[in-house]
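Chemist: Provided below for reference: sequence and predicted model.
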Amino acid sequence: MTITRQAVADRIADYLHHRITQAQLVDWAETALMDGEFDGKDAATLSAVVARLGVADVRAFGLTWADCEELLGRLGFAARVEIVTT
């Protein structure tokens, strides 16, 4: 599987939208690090971001909203919050 900026951003978005759990995000990141192939020109950035996601379940690291914003920024994306009635 080739890991791209878009694929990583999509996984972070899935987590922020509660479509996947933190454990699922961490599992995906760990699998991507072991089995994935990072897109050539972005390999260094992608591997650093995915590695950070892979330790999100460790208490010392965690994963805050600010962390997600920073990681998305490194990938060339920005997060936006939309408040809607339910």
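Modeler: Structure's in. What do you need? Just so we're clear, the structure is a prediction, and the values are computed from it rather than from any experiment.
Chemist: would you list every one of the strands in this structure?
Modeler: Secondary structure of the chain (DSSP state E): strands at 2-3, 37-38.
Chemist: and the first one, which strands flank it?
Modeler: Meaning strand 2-3. Applying DSSP bridges, strand 2-3 is found paired with strand 37-38 (parallel).
Chemist: Next, the buried residues of the longest helix seen in the chain.
Modeler: With secondary structure taken from DSSP state H, the chain has its longest helix at helix 22-35. Buried residues in helix 22-35, counted by 16 or more other CB atoms under 10 Å: 25-26, 28-30, 32. The C-beta positions use only the backbone N, C-alpha and C, and glycine is treated the same way.
Chemist: Take those residues and write them to a markdown table, including distance to L71 and pLDDT.
Modeler: Output for the buried residues of helix 22-35, formatted as a markdown table (distance: CB to CB, whole Å; pLDDT from 0 to 100):
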| residue | distance to L71 | pLDDT |
| --- | --- | --- |
| L25 | 11 | 98 |
| V26 | 14 | 97 |
| W28 | 14 | 97 |
| A29 | 11 | 97 |
| E30 | 16 | 96 |
| A32 | 14 | 96 |
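Chemist: Dump those residues into JSON lines; add distance to A79 as well.
Modeler: JSON lines is the format used below for those (distance: CB to CB, whole Å):
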{"residue": "L25", "distance to A79": "15"}
{"residue": "V26", "distance to A79": "19"}
{"residue": "W28", "distance to A79": "18"}
{"residue": "A29", "distance to A79": "18"}
{"residue": "E30", "distance to A79": "23"}
{"residue": "A32", "distance to A79": "20"}
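Chemist: Among those residues, which one sits closest to A43?
Modeler: Taking CB to CB as the measure, A32 is the one of these closest to A43, at 12.1 Å.
Chemist: The closest one touches V50, doesn't it?
Modeler: Yes. Under the criterion of CB atoms under 8 Å, A32 makes contact with V50 at 5.1 Å.
Chemist: overlap in contacts of those two?
Modeler: Each of I3 lies in contact with both A32 and V50 under the rule CB atoms under 8 Å, 6 or more residues apart in numbering.
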